[in-house]
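Q: Coordinates for the following, if possible.
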Amino acid sequence: MNEFCFEMNISFDFPLPNGLHARPASHLQELASRFKGNIRFLNGRGRREADAKSVLSLVATDVKQGDPCRIVFSG
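A: Okay, here's the model as predicted:
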């Protein structure tokens, strides 16, 4: 059985004035968990990467307003 695999990137400057704290991280985790594929969140300022399906991992990226970020979808 052949599986189709793809990768898609979305780049943006983080818009929230208080950064990526627990509440928005929880919302992102909830959305990401709806999908089977891998979803990675990358903070370009600190070069930190997180599994978007983990709130603690997302908060640990230390994202601040204006940081260059990228979400990578693969699966």
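Q: beta partners for the residue nearest the centre of the chain?
A: In the chain, the centroid-proximal residue (CA atoms, centre = their mean) is Phe41; its distance is 2.6 Å. Per DSSP bridges, the residues bridged to Phe41 are Ala50, Ile71.
Q: Distance check, it against Arg23.
A: According to CB to CB, to the nearest Å, Phe41 stands 15 Å off from Arg23. Yep, even glycine has a C-beta here, placed from its N, CA and C like the rest.
Q: and the end-to-end length of stretch 41-55?
A: End-to-end distance for stretch 41-55, by CA to CA, to the nearest Å: 11 Å.
Q: Give the buried residues for it.
A: Of all the residues in stretch 41-55, those buried under the rule 16 or more other CB atoms under 10 Å are 41-43, 48, 50, 52-53, 55.
Q: host element of the nearest residue to Arg48 once chain neighbours are set aside?
A: In space, and not counting its chain neighbours, Arg48 is closest to Thr61: 4.2 Å by CB to CB, 6 or more residues apart in numbering. Using DSSP states H and E, Thr61 falls within no helix or strand.
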